[in-house]
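Engineer: could you work out the structure for the sequence below:
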Amino acid sequence: MRNNNLKINRSLDNKIRNACERIPQRKRKYVALMLCFSFVVLFSFMIWDSFQSEGVKKMMKIEHITPLDLPQDSLIQKLKEFTNGK
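Structural biologist: As a prediction, this is how the structure comes out:
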């Protein structure tokens with residue numbers, strides 16, 4: 001199993017090296033920058049598209065917490081009166 005992984009890794013490495021050796025030395029930086037830029041654009045598009053779905057919009061909808069309607073004779077009200085000196 002490990003030998004198969006090593007063989008696959010070596011063959012992929014050789015293919016990538018051969019493809020890069022075909023590119024002239026001066027153009028390699030431009031090709032690398034172009035690939036990075038295309039990755040950033042693709043990644044940004046995928047993030048933007050994932051937030052446009054209806055399920056995410058519903059999940060992102062935030063409801064504010066409403067205060068509880070406690071009766072006036074509750075313990076909290078008595079504590080507020082006690083701390084205010086009433």
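
Engineer: now the helix ranked longest in the chain, how far from the chain's geometric center?
Structural biologist: The single longest helix within the chain, with elements called by DSSP state H, is helix 28-50. Put simply, helix 28-50 sits 15 Å off its chain's centre (CA atoms, centre = their mean, to the nearest Å).

Engineer: so what does that helix touch, helix or strand wise?
Structural biologist: Using 3 or more CB pairs under 8 Å, 6 or more residues apart in numbering; DSSP states H and E as the contact test, no helix or strand touches helix 28-50. From N, CA and C alone the C-beta is placed, and that goes for glycine too.

Engineer: and the helices in this structure?
Structural biologist: Per DSSP H, the chain carries helices over the ranges 2-22, 28-50, 54-60, 75-84.

Engineer: and the longest helix of the chain, what's its mean pLDDT?
Structural biologist: Across helix 28-50, the average pLDDT comes to 92.

Engineer: now the angle between helix 2-22 and that helix, please.
Structural biologist: 120 degrees (axes from the mean of the first three to the mean of the last three CA atoms, to 10 degrees).

Engineer: rewinding a little: including mean neighbour count, could the helices of the chain go into TSV?
Structural biologist: Listed next are those as TSV, based on neighbours: other CB atoms under 10 Å:
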stretch	mean neighbour count
helix 2-22	9
helix 28-50	10
helix 54-60	9
helix 75-84	10
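
Engineer: so can I have a markdown table of those helices showing distance to Thr66?
Structural biologist: Formatted as a markdown table, the helices of the chain follow (distance: least, CB to CB, whole Å):
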| stretch | distance to Thr66 |
| --- | --- |
| helix 2-22 | 57 |
| helix 28-50 | 31 |
| helix 54-60 | 20 |
| helix 75-84 | 16 |
